[in-house]
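Here is the input, now give the coordinates:
(one chain, ligands or ions: 1)
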Amino acid sequence: MTPANEPAAPPQPTAAAGEPGAGAAPGRVILPVASGAQTLAAVGALLRGRRLQTFTAVGVLTLGTGIGLLTAPILGRMVDLVAGQRGAASLTVPMVLLLVVAVGRGAATGLGSALVARLGETVLAGLRERFIDRALNLPLERVEQAGSGDLTSRVTGDVTLITRVVRQALPEFTTALLTIVLTLAGLAVLDWRFLAAVLLAVPVHVLTVRWYIPRAVPVYAAHRVANGALQHQLLDSVGGVRTVRAFRLTDQHAKLLESRSREAVDLALRGIRLVSGFFSRLNLAEFIGLAAVLVTGFLLVGNGSVSIGTATAAALYFHSLFNPVNAALFLIDDAQSAGASLARLVGVSDLPAEEDPADAARPADGSVRVRELSHAYASGHPVLDAVDLEVRDGERVALVGASGAGKTTLAKLIAGVHRPTGGSVELGGADTRALGPAGVRRAVTLISQEVHVFAGPLAEDLRLARPGATDAEITAALARVDALTWVEALPEGAATVVGEGGHRLTVTQAQQLALARLVLADPPVAILDEATADAGSAGARTLEGAALRALEGRTGLMVAHRLPQAATADRIVVLDRGRVVESGTHAALVAAGGSYAALWSAWSDSRRTGAEEAAVPRPREA
Ligand SMILES: Nc1ncnc2c1ncn2[C@@H]1O[C@H](COP(=O)(O)OP(=O)(O)OP(=O)(O)O)[C@@H](O)[C@H]1O
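Just a heads-up that it's a prediction; the model follows:
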């Protein structure tokens with residue numbers, strides 16, 4: 001009695017990425033996950049904007065299912081006609097009707113399914129847009145607290161899962177549910193006792209799902225992990241085949257592969273056994289239900305309550321429930337996983353949008369004033385301790401200090417990436433709280449070491465900093481950061497596709513692009529955090545020159561790891577354990593013989609011995 005359209009592949013319950021604690025490292029505060037009610041409300045709000053589309057889709061699908069329900073009574077009527085020996089001619093009308101019903105049902109359900117899929121896609125697109133909008137505007141601090149993996153897994157894993165379910169399962173699930181509801185109603189119309197007989201099978205369905213889901217979820221989760229481990233082992237053994245042979249590790253690797261493979265196969269077989277168990281239990285439910293309907297029909301026909309045709313129609317109705325019931329139960333897991341993923345998307349998209357003050361202040365110039373600034377990532381562990389710093393409009397200040405001294409933290413606080421635990425930051429005389437997030441973004445640009453090159457034409461990458469920049473402005477910005485020569489040498493110049501899947505840029509080139517974006521954004525304050533530290537010495541010199549030109553006409557704060565770069569700044573500020581310990585010109589600080597002088601002399605010694613060319617010696621690791 002297994003249905004003809006029983007899905008061929010075993011169902012793979014998904015341990016939804018949103019399950020509590022999934023992937024969350026200890027100490028992480030993961031981004032919010034919406035409750036069931038909030039998720040429904042969000043989907044409801046999206047559907048409300050598409051009332052007509054929703055009513056049409058559900059209406060057409062209901063019509064198709066309703067038309068399909070006519071098949072059983074027509075067949076029942078034919079049975080009555082045959083039982084009453086009314087002659088072959090009397091069957092013509094019911095047969096034509098059957099044909100009309102089949103065509104009508106096929107057309108309406110096909111159209112309805114397409115409309116439901118389309119509605120699902122549109123709603124998903126709306127949700128995705130809202131999610132991306134909120135995600136891109138999340139305070140970086142919040143993303144860091146959650147770990148960027150949390151946001152990434154929502155953008156990738158959850159969105160992919162929901163898209164798959166919306167495309168494949170939603171139309172099938174909706175049709176199955178409608179068929180079940182309408183068929184039960186049809187049974188009640190025939191005779192309520194048929195409905196009661198059919199409902200005898202429901203407890204077996206419920207028990208089957210309760211048996212299957214808790215067993216299947218861990219098995220399939222473990223199967224995915226085992227498959228991942230097998231792939232990894234294959235890559236390791238095959239990729240490193242020379243080393244494996246050279247060190248005579250062939251047997252060891254073969255054994256490892258065998259054990260990983262056995263593990264994956266065992267889990268796959270357990271999955272298949274579960275699916276067999278799932279369907280055999282459903283078959284039992286079908287047996288119980290059909291037996292009950294037939295016995296009821298026998299009794300009702302016997303006492304003259306219904307005709308043989310009506311009893312036949314009831315049995316056919318029940319038989320027509322097999323496929324939708326199995327499909328709906330089979331898809332419950334997909335629906336659950338999609339629901340969990342949806343809750344994770346709604347959790348982020350329901351976050352309040354970043355608010356800018358109604359009458360946001362405007363910075364008067366490019367000066368920076370930091371007062372009593374303190375910060376602790378974890379309470380009780382201050383990283384910055386009452387830092388005071390004043391940078392004049394147009395001044396270039398280098399921040400130096402040992403690793404962990406707090407330079408990057410200070411840079412991020414000034415750029416508004418983190419909110420300080422205590423104290424304040426003023427840009428151009430205006431407190432950053434009065435400027436608002438958008439105001440701070442306009443006033444200051446932070447370039448960090450992890451420069452991202454967006455996939456697409458190089459010129460478009462630059463236009464992100466100034467939408468609508470002319471070709472001449474792009475060329476001028478590239479020339480200013482010394483990048484024009486290599487950009488013009490690219491196969492299609494500034495139109496060359498760079499980034500993921502495109503022309504690969506070197507680290508130096510990517511940082512030059514970041515500097516060109518800075519030139520185009522033209523903020524009054526720029527912060528370069530280690531922008532030149534990673535590029536190797538030749539690249540580092542190119543970048544130093546580019547950075548100096550990009551900073552012309554604005555206030556510049558440089559987190560400097562190369563002391564010669566710091567030496568060219570108007571002023572050097574030395575941080576130690578979260579405090580400003582020295583401030584002055586290179587000459588003054590060297591003469592003062594303090595910690596900067598110690599760093600400088602260590603660096604000069606290393607130059608003399610030729611041991612170290614590029615990086616600053618780090619006297620103390622935090
Ligand atoms: N996101 C974070 N969460 C928790 N602790 C952090 C975080 N970022 C930095 N820290 C800690 O804060 C302290 C200061 O780090 P910071 O990166 O500001 O120093 P730095 O002077 O820039 O160091 P480096 O030269 O190595 O980049 C370090 O102890 C670091 O481990």
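
So which residues on the stretch 51-200 of the chain come close to the ligand?
Proximity of the stretch 51-200 of the chain to the ligand is confined to Glu144 under the rule Cβ under 6 Å from any ligand atom. From N, CA and C alone the C-beta is placed, and that goes for glycine too.

pLDDT weak spots in this protein?
Within the chain, the set of residues satisfying pLDDT under 70 comprises 1-28, 147-149, 530-538, 608-622.

who's in contact with the most centrally placed residue in it?
If you average the C-alpha coordinates of the chain and look for the closest C-alpha using Cα atoms, centre = their mean, you land on Val155, 1.3 Å from that point. Neighbour list for Val155: 131-132, 135 [criterion: Cβ atoms under 8 Å, 6 or more residues apart in numbering].

you'd agree Ala540 is up against Pro564?
No: in terms of Cβ atoms under 8 Å, Ala540 does not count as a neighbour of Pro564; the distance is 9.4 Å.

Look at those two and report which has more neighbours.
Shown here are Ala540 and Pro564; by other Cβ atoms under 10 Å, Ala540 has more neighbours (22 against 16).

picking up where we left off before, closest one to Leu321 out of the contacts of Val155, please.
When the contacts of Val155 are compared for distance to Leu321 (Cβ to Cβ), Phe131 wins out at 37.6 Å.

okay, now the residue lying closest to the closest one once chain neighbours are set aside: neighbour count?
Excluding the flanking residues, the one nearest Phe131 by Cβ to Cβ, 6 or more residues apart in numbering is Ser349, at 4.4 Å. Around Ser349 there are 20 other residues, counting by other Cβ under 10 Å.

near the ligand, which residues of the stretch 251-400 of the chain?
Contact residues of the stretch 251-400 of the chain with respect to the ligand, defined by Cβ under 6 Å from any ligand atom, are listed as 377, 383.

Could you pull out the helices in the stretch 251-400 of the chain for me?
Assigned helices in the stretch 251-400 of the chain, in chain order: 308-349 (criterion: DSSP state H, counting those that start in this stretch).

give me the residue from it nearest the ligand.
Residue nearest to the ligand within the stretch 251-400 of the chain (Cβ to the nearest ligand atom): Tyr377, separated by 3.2 Å.

wait, what's in contact with Glu122?
No Glu there; residue 122 is Thr. With contacts defined as Cβ under 8 Å, 6+ apart, the neighbours of Thr122 are 50, 53.

Ramachandran angles for the closest residue to the ligand within the stretch 151-300 of the chain?
Proximity of the stretch 151-300 of the chain to the ligand (Cβ to the nearest ligand atom) peaks at Leu151, 15.0 Å away. Main-chain dihedrals, Leu151, degrees, to the nearest 10: phi -70, psi -40.

For the residue nearest to Arg154 when sequence neighbours are not counted, give its distance to Val29.
In space, not counting the residues next to it along the chain, Arg154 is nearest to Arg344; the distance is 5.1 Å by Cβ to Cβ, 6+ apart. From Arg344 across to Val29, the span is 15 Å (Cβ to Cβ, to the nearest Å).

More neighbours: which of those two?
Comparing Arg344 with Val29 by neighbour count (other Cβ under 10 Å), the higher total belongs to Arg344, at 29 against 12.

Arg130 is in contact with the residue nearest to Phe131, correct?
Yes: the pair Ser349 / Arg130 is scored as a contact, 4.2 Å apart, by Cβ under 8 Å.

Please, where are all the helices along the stretch 51-200 of the chain?
51-68, 71-83, 92-137, 140-146, 148-153, 159-164, 170-190, 192-199.

Please work out which residues outside the last one touch it.
Right, helix 192-199. 184, 187-188, 289, 292-293, 295-297, 300, 314, 317-318, 321.

ok, now the first one?
Contacts with helix 51-68, where a contact means Cβ under 8 Å, 6+ apart, come from 47, 101, 104-113, 115-116, 118-119, 122, 174-175, 178-179, 182, 320.

Report the buried residues of it.
If you call a residue buried by 16 or more other Cβ atoms under 10 Å, then helix 51-68 has these buried ones: 53-54, 56-58, 60-68.

Let me have the helices of the stretch 51-200 of the chain in a markdown table, adding distance to Arg463 as columns.
A markdown table is the format used below for the helices of the stretch 51-200 of the chain (distance: least, Cβ to Cβ, whole Å):
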| stretch | distance to Arg463 |
| --- | --- |
| helix 51-68 | 35 |
| helix 71-83 | 60 |
| helix 92-137 | 17 |
| helix 140-146 | 23 |
| helix 148-153 | 25 |
| helix 159-164 | 26 |
| helix 170-190 | 38 |
| helix 192-199 | 64 |
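
Tell me how far whichever residue of the stretch 1-150 of the chain sits closest to the ligand lies from Arg193.
For the stretch 1-150 of the chain, the nearest residue to the ligand under the criterion Cβ to the nearest ligand atom is Glu144, separated by 5.1 Å. For Glu144, the distance to Arg193 (Cβ to Cβ) stands at 64 Å.

These two: which has the busier surroundings?
Legend: neighbour count by other Cβ under 10 Å for Glu144 and Arg193, higher for Arg193 (19 against 16).

can you pull out the strands in the stretch 351-500 of the chain?
Counting by DSSP state E, counting those that start in this stretch, the stretch 351-500 of the chain has these strands, from start to end: 368-378, 381-391, 396-401, 422-427, 430-431, 444-447, 456-457, 497-498.

so can I have TSV of the ones you listed showing mean neighbour count?
Rendered in TSV, the data for these read as follows (neighbours: other Cβ atoms under 10 Å):
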stretch	mean neighbour count
strand 368-378	17
strand 381-391	17
strand 396-401	25
strand 422-427	20
strand 430-431	16
strand 444-447	24
strand 456-457	18
strand 497-498	20
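
you'd agree Glu286 is up against Phe322?
Yes: with contact defined as Cβ under 8 Å, Glu286 reaches Phe322; the gap is 5.7 Å.

sorry, back to before: can you give me every residue that contacts the residue nearest to Phe131?
Under the criterion of Cβ under 8 Å, 6+ apart, the contact partners of Ser349 comprise 42, 127, 130-131, 133-134.

Now the two most distant members of the residues you listed.
Of all pairs drawn from these, the one with the largest separation by Cβ to Cβ is Ala42 and Asp133; the distance is 13.8 Å.

who's more crowded, those two?
Per other Cβ under 10 Å, whichever of Ala42 and Asp133 has more neighbours is Ala42, with 22 against 12.

Arg50 reaches Arg118, doesn't it?
No: using Cβ under 8 Å, Arg50 makes no contact with Arg118, being 10.0 Å away.

thinking again about what came up before, figure out which of the strands of the stretch 351-500 of the chain is closest to Ile74.
Distances from Ile74 to each of these were compared using Cβ to Cβ; the minimum, 59.5 Å, belongs to strand 456-457.

As TSV, the strands of the stretch 351-500 of the chain with distance to Val590 would be great.
Written out in TSV, the entries for the strands of the stretch 351-500 of the chain read as follows (distance: least, Cβ to Cβ, whole Å):
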stretch	distance to Val590
strand 368-378	25
strand 381-391	21
strand 396-401	12
strand 422-427	30
strand 430-431	36
strand 444-447	28
strand 456-457	46
strand 497-498	42
